[in-house]
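[1] Structure of the sequence below:
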Amino acid sequence: MADKKTAEVQPKYSREELLENAEALFNCKPEVIAGALHGNKQREFTVDEMKKLINDFLKRKVV
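    Now for the predicted structure:
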């Protein structure tokens, strides 16, 4: 059975809101979020979506 928390719809926030609150929400600088969003056309994200994008960005291999 699905957990009630996963069944709830999470609020979405604009890129600007997430950038302004980067340190409080994700414990990172806004520049990290800017890098994670580079090339992404989506305008709004949930906190969990943004955490995944940041994590993927920080784990990328440097070429």
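[2] Show me the strands in this structure, by range?
    Here the chain has its strands, by DSSP state E, at 13-14, 44-45.
[3] hey, which of these is tucked in deepest?
    strand 44-45 (a mean of 17; mean count of other C-beta atoms under 10 Å). For the C-beta atoms, the positions are set from N, CA and C on the backbone; glycine is no exception.
[4] In CSV, list the strands of the chain along with distance to residue 22 and mean pLDDT.
    Formatted as CSV, these follow (distance: least, C-beta to C-beta, whole Å; pLDDT from 0 to 100):
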stretch, distance to residue 22, mean pLDDT
strand 13-14, 11, 97
strand 44-45, 12, 97
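[5] In TSV, list these along with distance to residue 52.
    Formatted as TSV, the strands of the chain follow (distance: least, C-beta to C-beta, whole Å):
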stretch	distance to residue 52
strand 13-14	14
strand 44-45	9
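[6] contacting residues around the residue nearest in space to the middle of the chain?
    Taking C-alpha atoms, centre = their mean, the centroid of the chain lies closest to residue 50, which sits 1.1 Å from it. Counting by C-beta atoms under 8 Å, 6 or more residues apart in numbering, residue 50 touches 13, 18, 25-26, 33, 36.
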